[in-house]
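> Sequence below, structure please.
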Amino acid sequence: MEVHVKNSLAQCLVLAIGGTMAQGASGTEPANSINFGLGGLNPMPHCKARVYTLEYEHRFTPTIAILGRGSGVFYTSDDDDYLEDGRLRGVDIGVRYYQAGQLQGFYTGGSVGYWQGDWTFTQHRGTPSQWDGEADSDSLRVNVDLGYRIPLRNTNVSIMPEINLGKFFSSSACEYIAPASQIGAPCHVKSVVDAYIFAGVTIGVTF
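Presented below is the predicted three-dimensional model:
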């Protein structure tokens, strides 16, 4: 039986991804940054999420940085009729362009990555036709970010507010776990995590 989930546009996905800049006493500019993110802010309705991010960023040219990122997301999407609880984890590689150069100020970036996810879902909750299931997915993620690095004076720490937009291209498999007559039967439910927009803040340390 095929189940159609409302709002194919993802109602949640929160990531907080960022970096730092430093103004060392010697006046030399930093070439590397380790960035730590913890997020949860998003404009999508019916959604709660927590995001953990670890990122390494290396200045390749005065204006271009390359990066590697690992992330984990825990989320719940609930619109009364459909409930989804899940987790996502993935790795990304990408680049960022700093308008002012030297890992400073405004930047734009892009990345691609491999992500895995698993979730449980309840469709038509609280009605005689309620269905429950569990699923997993493998995805290619494309992400674009826009942000600004704000250094803390006389330290190698900075705070970076950021906006992210992205899309998951996924293949998934699922099966029903209720009602009893359908346990183990395959299904065709797609996660609400499809396309997204979110804002976040990250703290990082340069060296």
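
> all contacts plus neighbour counts: C-alpha atoms, from now on.
Noted.

> Could you look up the SS state of V192?
Three-state call for V192 (DSSP: H, G, I helix; E, B strand; the rest coil): coil.

> Tell me the pLDDT of it.
What the model reports as pLDDT for V192 is 88.

> can you check the one 4 residues further on too?
As predicted, Y196 sits at a pLDDT of 84.

> What strands flank the host helix or strand of it, and is each parallel or antiparallel?
Element membership for Y196, per DSSP states H and E: strand 195-206. Looking at strand 195-206 with DSSP bridges, its partner strands are strand 32-39 (antiparallel), strand 157-178 (antiparallel).

> from the ones you listed, which stretch is densest packed?
strand 32-39 (a mean of 22; mean count of other Cα atoms under 10 Å).

> ok, A100 - how many residues close by?
12 (other Cα atoms under 10 Å).

> Ramachandran angles for it?
Backbone geometry at A100, expressed as degrees, to the nearest 10, gives phi -90, psi -10.

> How about A185?
Per-residue torsions, A185: phi -70, psi 140 (degrees, to the nearest 10).

> Which among the strands paired with strand 195-206 is found nearest to P128?
Closest to P128 of these, according to Cα to Cα: strand 157-178, at 11.9 Å.

> Could I get the average pLDDT for that closest one?
92.

> Same question for stretch 126-140.
pLDDT averaged over stretch 126-140 gives 94.
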